[in-house]
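**Q** Task: produce atomic coordinates for the following.
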Amino acid sequence: MAQQRETYDRGNGAAVLPVDRARGTVLLTRQFRFPAYVNDHPDGMLVEVAAGLLDEDDPETAIRREALEELGVRLGDLRHVTVAYMSPGSVTERVHCYVAEYSPADRVEVGGGLVGEGEDIEVLELPATEALAMIDDGRIVDGKTILLLQWAALHGLVVGQHGQS
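**A** So this is what the prediction gives:
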């Protein structure tokens, strides 16, 4: 029996969750995502970790670029978490996932994305406890963001809602 499959190759990507352990905060983005909007997300505004396509760069170079463009943060040491397929039934993309520590001194630019690329990104600095609660109540529905926040909680980099790390 013959089968037909559709595959979309958009390139690989990278994502990062910046964590300030001293203050118990994380840096996230909020931006409009048309595919989410047309698939019944009420306003299409998703809360996400900084992420982007590699664009011919290695994953670490790409995620440093994206963190600076989207969040205005210059990252130091990156901790590689995993490489994950987000939608392996149809999309070839693998996302290289990282966690990095940051402090207020590392926020060297405004962030917000590149206007020339049509990006209009709100930078969110949130208590890690609130970010984790946003998964539970449905305000965070992005797969890579859920993966990285839960990984950080399981590995003691952020404190959970009830004081557990």
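
**Q** what about the strands in the protein?
**A** For the chain, the strands defined by DSSP state E occupy 13-20, 25-32, 45-48, 50-53, 78-85, 94-101, 122-127.

**Q** strand partners of the last one, parallel vs antiparallel please.
**A** As defined by DSSP bridges, the strand partners of strand 122-127 come to strand 25-32 (antiparallel).

**Q** Can you name the residues in contact with the strand it pairs with?
**A** By Cβ atoms under 8 Å, 6 or more residues apart in numbering, the surrounding residues in contact with strand 25-32 are 17-20, 43-50, 70-71, 73, 102, 113, 119-128, 131, 145, 149, 152, 158. Every residue, glycine included, has its C-beta placed from N, CA and C.

**Q** Please convert the buried members of those residues into ChimeraX selection syntax.
**A** To isolate the buried members of the contacts of strand 25-32 in ChimeraX, using 16 or more other Cβ atoms under 10 Å:
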select :17,18,19,20,46,47,48,49,50,70,71,73,102,113,121,123,124,125,126,128,131,145,149,152,158
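
**Q** And the lowest mean pLDDT element among the helices and strands of the protein?
**A** Least confident helix or strand of the chain, by mean pLDDT, DSSP states H and E, is helix 34-38 with a mean of 94.

**Q** got the CA coordinates for it in CSV?
**A** Output of helix 34-38 as CSV, limited to C-alpha atoms (Å, rounded to 0.1, in the frame of the first residue of the first chain):
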residue,chain,number,x,y,z
PHE,A,34,-1.1,34.2,13.4
PRO,A,35,-1.1,30.4,13.3
ALA,A,36,-2.2,30.2,16.9
TYR,A,37,-4.9,32.9,16.3
VAL,A,38,-6.4,31.0,13.4
